[in-house]
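Asks: I need the structure of the sequence given here:
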Amino acid sequence: MNPEKAYAELVRLSRDETVLSSCVDLLEWDQEIYMPRDGVEHRSDQSALLAGLVHDRGTNPRYGELLSAIEGSDFISDPDSPEAVNVRELRRGYDRDCKIPRRLVQELARATARASKVWAQARKENDFKSFAPWLDKVFALSREEADAVGHNGDRYDALLEDYEPGMTAEKLSALFTRLSADLVPLVDSLRGQEAPPNVLEGNFDLDRQRVFTDSIVSAMGFDFDGGRFDLAQHPFCTMIGPGDVRIGTRYFQNHIGRGIFAGLHEAGHALYEQGLDRAHYGTPMGEAVSLGIHESQSRLWENLVGRSEGFWLHFYPQLQGSFHEAFQDVSLETFRRAVNRVEPHLIRVEADEVTYNLHIIVRFELERALLSGDLAAADVPGAWNEAYQRYLGVTPKDDRSGCLQDIHWADGLIGYFPTYSLGNVFSAQIFSAAEAAIGPLEDAFAEGEFLELRRWLGDNIHRHGMRYRSEALIERVTGNSPDPSALIESLSQRYRSNAGTSAGRA
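Replies: Now for the predicted structure:
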């Protein structure tokens, strides 16, 4: 078989599969944004049917034939070329997909569609018992998936590969041990600092919050002609296809900060998706390299940009204009202290950047125990509360603010949570490299200039797609291997040095 023709056909197959998969993404977006609750049964059937069709495409023996024809030729010489990357990653995906039975793919799609709706109602009614059987079912199917894919004794590794190729539970455990050893004392040292006035709480019109947040993400470079913002129960971002990146977020009338920072976070994801090379859509070169890198983009914009002095020098006057009664007598310094307040919190998505990784450690430990079978779903509330007391010194008053707060397990995203902390580690290294290349960014932020940073991220991160694995990409961009030292040093300098006086400067 001619390798050039084989590659052209391989790309066609990959693009067709990606388009079909985007239909699944669209259904999932609709389920989160618009679908009535009573539509869940039919939606689960739709999801299962499409998941089966996508699996059929991904396990088509023709893939194997084409890959073998290319791999056994001299067609590819440069291992970093688009052709080499696409062949490498399509081989990885094909071999993995072929190990998973079609029946299991459909069962997972059907179960998670139903489980996510049960979760939403259970969270609303603070009723974990109604969700527990579905949690057991999702983890049982996930164990079956891990065993089908294969592993070296730790099922978690098999599922983690979907989100962070090359990462293992052992590596994560070492990372989290180091993070907790440094973060727990840092949090304890900040507990006694004088708490700033909580000026973020009050009565804030939801429509004006949306308009203000839209202005922020527009300044960041989000293309509204190629994307949209909608209200969702849980913030998320999804790419339907080129020119169609969608964000779901939420606002709270009694707290203005939560909506703003959720918008910053999801817009960071969206900028990555909009920064991918459209010419490579439908192939690995047109996809994000990993969720850890994806989270590095969202956390960079949320924390290192959005909590900085320069950012609020520019946007605070606008915020005061939009909410004059609330902020007319609040100084910028007081507002920034509130924005950067460190306080152990029950809710992950509302956590400050110092305590955030401790929330992830809790989830990592519990989902590993659930996956191994050492923890039953019925025992999750107690285990969750104990872990929160141990790591953060707080205990949820109910399951809504405890183990029911995240949708990830209901959606079957087992192995996803650690990528948030990897993103934090990567973001500190990436931001430092960006400043080394561009120069100090605070002055630019104060002038409302964010596009130079966005362009630098596009050139150094986004456009590469899956050309480099996350570890290699970090080394290429920063000159160092992935290392939590930059994050720990950044947090320590910006918060410990300012304890009791003012919030840290990002």
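Asks: which residue is nearest the centroid of this protein?
Replies: Glu295 (4.6 Å; CA atoms, centre = their mean).
Asks: what about the residue nearest to that one when sequence neighbours are not counted, distance to Tyr416?
Replies: Take Glu295 and drop its neighbours on the chain: the residue closest to it by CB to CB, 6 or more residues apart in numbering is Gly423, 2.4 Å away. C-beta: built from backbone N, CA, C; applies to glycine. Separation of Gly423 from Tyr416 (CB to CB, to the nearest Å): 11 Å.
Asks: okay, these two: which has more neighbours?
Replies: Remark: of Gly423 and Tyr416, Gly423 carries more neighbours, 26 against 21, as counted by other CB atoms under 10 Å.
Asks: in contact with that one, which residues?
Replies: 291-299 (CB atoms under 8 Å, 6 or more residues apart in numbering).
Asks: ok, of those, which one's closest to Met239?
Replies: Nearest to Met239 out of the contacts of Gly423 is His294 (CB to CB; 10.6 Å).
Asks: not counting whichever strand or helix holds the closest one itself, show me its contacts.
Replies: Assigned by DSSP states H and E, His294 falls within helix 291-299. For helix 291-299, the external contacting residues (CB under 8 Å, 6+ apart) are 163-164, 167, 237, 264-269, 271-272, 288, 353, 416, 419-420, 422-427, 430, 457, 461, 470, 473.
Asks: for stretch 449-467, same thing?
Replies: Stretch 449-467 is contacted from outside by 80, 82, 85, 89, 219-221, 271-272, 275-277, 280, 284-289, 293, 296-297, 300, 305, 430, 433-434, 437-438, 441, 444, 473, 477, using CB under 8 Å, 6+ apart.
Asks: Met239 - that's part of a strand, no?
Replies: Yes. Counting by DSSP: H, G, I helix; E, B strand; the rest coil, Met239 is part of a strand.
Asks: do you know the pLDDT at the residue nearest to Glu295?
Replies: Looking at Gly423, its pLDDT reads 96.
Asks: for Pro101, same thing?
Replies: So Pro101 comes in at 96 (pLDDT).
Asks: quick one, what contacts it?
Replies: So Pro101 contacts Ala148 (CB under 8 Å, 6+ apart).
Asks: surely Leu53 touches Glu17?
Replies: No. Look at Leu53 against Glu17 with CB atoms under 8 Å: they stay out of range, at 9.4 Å.
Asks: next helix or strand past the lengthiest helix in the chain?
Replies: Counting by DSSP state H, the longest helix found in the chain is helix 3-33. Remark: after helix 3-33, the chain's next helix or strand is helix 40-58, criterion DSSP H and E.
Asks: how far is that following helix from where the chain is centred?
Replies: Offset of helix 40-58 from its chain centre (CA atoms, centre = their mean, to the nearest Å): 24 Å.
Asks: try stretch 246-265
Replies: Using CA atoms, centre = their mean, the offset of stretch 246-265 from its chain centre is 15 Å.
Asks: can you give me the end-to-end span of that stretch?
Replies: 13 Å (CA to CA, to the nearest Å).
Asks: would you indicate which residues of stretch 71-89 are buried?
Replies: For stretch 71-89, burial by neighbour count (16 or more other CB atoms under 10 Å) applies to 75-76, 82-89.
Asks: want to throw those into CSV with secondary structure?
Replies: Shown next, in CSV, are the buried residues of stretch 71-89 (three-state DSSP):
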residue, secondary structure
Phe75, coil
Ile76, coil
Pro82, helix
Glu83, helix
Ala84, helix
Val85, helix
Asn86, helix
Val87, helix
Arg88, helix
Glu89, helix
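Asks: pLDDT and distance to Glu367 added to those residues, as TSV?
Replies: Shown next, in TSV, are the buried residues of stretch 71-89 (pLDDT from 0 to 100; distance: CB to CB, whole Å):
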residue	pLDDT	distance to Glu367
Phe75	90	41
Ile76	90	38
Pro82	96	35
Glu83	96	37
Ala84	96	34
Val85	97	30
Asn86	97	32
Val87	97	33
Arg88	96	29
Glu89	97	26
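Asks: got any ranges where this structure has weak pLDDT?
Replies: Low-confidence segments of the chain (pLDDT under 70): 192, 194-195, 497-506.
Asks: so what are the domain limits for it?
Replies: According to automatic domain parsing, the chain comprises the domains 3-128, 169-498.
Asks: most tightly packed of these?
Replies: Most buried of those, by mean neighbour count (mean count of other CB atoms under 10 Å): domain 169-498, with a mean of 19.
Asks: quick one: the helices in the stretch 51-200 of the chain?
Replies: Taking DSSP state H, counting those that start in this stretch as the test, the helices found in the stretch 51-200 of the chain are 61-71, 82-99, 102-125, 128-149, 155-160, 169-190.
Asks: what's the helix or strand for Glu353?
Replies: Under the assignment here (DSSP H and E), Glu353 is part of no helix and no strand.
Asks: my error: substitute Ser421 in the last question.
Replies: Assessed by DSSP H and E, Ser421 sits inside helix 418-438.
Asks: neighbouring contacts of the helix or strand following that helix?
Replies: Per DSSP H and E, helix 418-438 leads on to helix 442-446 as the next helix or strand towards the C-terminus. Identification of contacts with helix 442-446 by CB under 8 Å, 6+ apart yields 305, 308-311, 313-314, 438, 450, 452-453, 505.
Asks: and what of stretch 469-488?
Replies: Identification of contacts with stretch 469-488 by CB under 8 Å, 6+ apart yields 164-167, 175, 178-179, 182-183, 289-290, 292-293, 422, 424-430, 432-433, 460-461, 464, 468.
Asks: for stretch 222-242, same thing?
Replies: Contacts of stretch 222-242 (CB under 8 Å, 6+ apart): 19, 22, 25-26, 28-29, 32-33, 120, 210, 213-214, 217-218, 243-251, 262-263, 265-267, 269-271, 273-274, 278, 281, 298, 349, 406-407.
Asks: do stretch 409-420 as well
Replies: 108, 111-112, 115-116, 118-119, 131, 134-135, 138-139, 141-142, 156, 159-164, 167, 172, 176, 290-292, 294-295, 299, 356-357, 360, 363-364, 367, 370-371, 408.
Asks: end to end, how far does it reach?
Replies: Note: stretch 409-420 ends 15 Å apart using CA to CA.
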